[in-house]
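> when you get a sec, could you give me coordinates for this:
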Amino acid sequence: MSSAAAHAGTAADPVAEVMAVTVNNWSPDASVQEDLFASDRLKRLFSAGFQAQFEKAMAVSGIGNDGSPFDYDVVVNAQDGCPLEDLAIAPPLVQDGKTVEVARFRFMSCFGSQAEYQAFSEARFILVDEGGQVRIDDIIAVSPDGQTLSTREQLGLLAGGGSD
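Numbering: from 1, shown residues only. Alright, predicted model coming up:
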């Protein structure tokens, strides 16, 4: 795990905290599965727009206030996988006018030594500044073959209103 993950738990580095939760949740040694979108974490780490869209998706899905409208891990974009390996979190960069922080990792390596299982996936975190606090506005999962899936777009679809 990168040194950035060692600083997890601080609002100053929301990506490191999300990745620490993700690493924990995919670890066979995890004593507890953490809720990535627990109320406190959602309020501290995610933008107001993300929170509003998440809450709407929760209400429409009928789940209420507990859990998540997702039935998969939005960071790795999967339900099945292996413990995350070779995690590296790059410093934030401005791309196309947006601040983006990228986490690269392998999460299928326990399935075999073939190239398809050893390939790297990415999670691109779109960050915004809200009152001096860096917050996550979207998580875009990128598969080894380049396919992308935006968490915000999925929330929009789940809420029945399309993507915002």
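> the lowest-mean-pLDDT helix or strand in the chain - contacts with which helices or strands?
Scoring the helices and strands of the chain by mean pLDDT, DSSP states H and E places strand 93-95 at the bottom, with a mean of 86. When contacts are defined as 3 or more C-beta pairs under 8 Å, 6 or more residues apart in numbering; DSSP states H and E, strand 93-95 packs onto strand 98-106. C-beta here means a position set from N, CA and C on the backbone, and glycine is covered the same way.
> the strand it packs on pairs with which strands?
In the sheet, strand 98-106 lines up against strand 85-89 (antiparallel), strand 93-95 (antiparallel), strand 121-130 (antiparallel) (DSSP bridges).
> does D71 belong to a helix, a strand or coil?
Following DSSP: H, G, I helix; E, B strand; the rest coil, D71 is assigned to coil.
> who's in contact with it?
When contacts are counted by C-beta atoms under 8 Å, 6 or more residues apart in numbering, D71 touches Q79.
> now it: phi and psi?
When read as degrees, to the nearest 10, the backbone of D71 gives phi -110, psi 20.
> that one and L158, how far apart?
Here D71 is placed at a distance of 10 Å from L158 (C-beta to C-beta, to the nearest Å).
> kindly report the same for A48.
Distance, A48 to L158, using C-beta to C-beta: 18 Å.
> which one's more surrounded, those two?
Set A48 next to L158 and count neighbours by other C-beta atoms under 10 Å: L158 wins out with 18 against 13.
> and the closest residue to the more buried one other than its chain neighbours, what does it touch?
In space, and not counting its chain neighbours, L158 is closest to A57: 4.0 Å by C-beta to C-beta, 6 or more residues apart in numbering. Shown in contact with A57 (C-beta under 8 Å, 6+ apart): 69, 155-156, 158-159.
> assign a three-state SS to A57, would you?
helix.
> low-confidence ranges in the chain?
Applying pLDDT under 70 to the chain flags the ranges 1-12, 62-66, 161-164.
> show me where it has its helices.
For the chain, helices defined by DSSP state H occupy the ranges 14-26, 39-45, 48-61, 115-118, 151-158.
> so which elements touch the shortest one?
Spelled out, it's helix 115-118. Helix 115-118 packs on no helix or strand, going by 3+ C-beta pairs under 8 Å, 6+ apart.
> what lies in contact with it?
Residues contacting helix 115-118 (C-beta under 8 Å, 6+ apart): 106, 108-111, 144.
> which of those fall in strands?
R106 (DSSP state E).
> no more questions from me, cheers.
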